[in-house]
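[1] Task: produce atomic coordinates for the following.
(2 chains)
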Amino acid sequence: QQPVQSPQAVILREGEDAVINCSSSKALYSVHWYRQKHGEAPVFLMILLKGGEQKGHEKISASFNEKKQQSSLYLTASQLSYSGTYFCGTENAGNNRKLIWGLGTSLAVNP
Amino acid sequence: DGGITQSPKYLFRKEGQNVTLSCEQNLNHDAMYWYRQDPGQGLRLIYYSQIVNDFQKGDIAEGYSVSREKKESFPLTVTSAQKNPTAFYLCASSPKTGVMGETQYFGPGTRLLVL
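    Numbers count the residues shown, from 1 in each chain, chains lettered A, B, ... in the order given. From the prediction side, this is the model:
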């Protein structure tokens, strides 16, 4: 079951904040966040594990609500370099360590 | 420098032709993955391998084949049975098998186009 990301697209001015959400219909073990620029490979940002452990980017924060089966990525004081498509990948118990990816959230940061 | 390389960057396929996409990693990672990405879409898993000489089908394996003869290499063949192969193909690897919560690292991708 593919996780649902919202919103589909966001347009910001430099310095503004944004929140991107990722929801799953199944119990989650971990949520992985990546950013992809057009024509390039996804770049790892953050991983959130069941139990509260987080690993990742210093300037980007995220939350993981196990009960609600959802994660949110917080982009604060956005920079032009934050532009791209953000994907969440979810890992479910019993999924044999495969990630299931959302459709992405397109973020554009303008000057 | 350690990393994942994919070649070629662009690949053109004629009707009825098999083509092979290369993926090599020098990160000493156990697991490797192949994904397909279509415009405006997320990543869909084609095949994955957790150990040499073993691999499993992902969600869209039909029309594709792989091999894992060496730990560092995981080539993907797009066969003539894949009727709509135009897409961006991404190879990824992760350090360990049997461990959940492992980060996947991606190669730069190969864009496949049909002539």
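[2] so after the lowest-mean-pLDDT helix or strand in chain A, what's the next helix or strand?
    Every helix and strand of chain A was ranked by mean pLDDT, DSSP states H and E. The lowest is strand A:54-56, at a mean of 67. Note on strand A:54-56: by DSSP states H and E, the next helix or strand toward the C-terminus is strand A:61-65.
[3] Now do the buried residues in that following strand.
    Going by neighbour count (16 or more other CB atoms under 10 Å in any protein chain shown), the buried part of strand A:61-65 is A:62, A:64. In this view, the C-beta of every residue, glycine as well, is placed from N, C-alpha and C.
[4] Would you confirm that B:E72 contacts B:E24?
    Yes: applying CB atoms under 8 Å as the test, B:E72 and B:E24 come out as touching, 5.7 Å apart.
[5] nearest residue to A:K98 other than its sequence neighbours?
    Excluding the flanking residues, the one nearest A:K98 by CB to CB, 6 or more residues apart in numbering or on different chains is B:L45, at 6.1 Å.
[6] Report the mean per-residue pLDDT for the helix or strand encompassing the one you found.
    Using DSSP H and E, B:L45 sits in strand B:43-51. Mean per-residue pLDDT for strand B:43-51: 94.
[7] in the chain, which spans are strands?
    With no chain named, the answer covers chain A. A:4-6, A:9-13, A:18-23, A:30-36, A:43-49, A:54-56, A:61-65, A:70-75, A:84-91, A:100-101, A:105-110 (DSSP state E).
[8] oops, chain B please
    Going by DSSP E, chain B shows strands at B:4-7, B:10-13, B:19-25, B:31-37, B:43-51, B:54-57, B:64-66, B:76-78, B:87-94, B:105-106, B:110-114.
[9] Quickly check: the fourth one near chain A or not.
    Spelled out, it's strand B:31-37. Yes: with CB under 8 Å from any CB of the partner chain as the criterion, chain A is reached by strand B:31-37 at B:A31.
[10] hmm, back to that, A:A27: which of the strands of chain B is closest?
    Counting by CB to CB, A:A27 lies closest to strand B:43-51 out of those; the figure is 19.9 Å.
[11] Against B:Q104, how distant is the most centrally placed residue in chain B?
    Centroid check for chain B by CA atoms, centre = their mean gives B:W34 as the closest residue, at 2.7 Å. Per CB to CB, to the nearest Å, B:W34 is found 12 Å from B:Q104.
[12] and if you look at B:S94?
    B:S94 is 5 Å from B:Q104, by CB to CB.
[13] Same question for A:N65.
    Taking CB to CB, one finds A:N65 at 23 Å from B:Q104.
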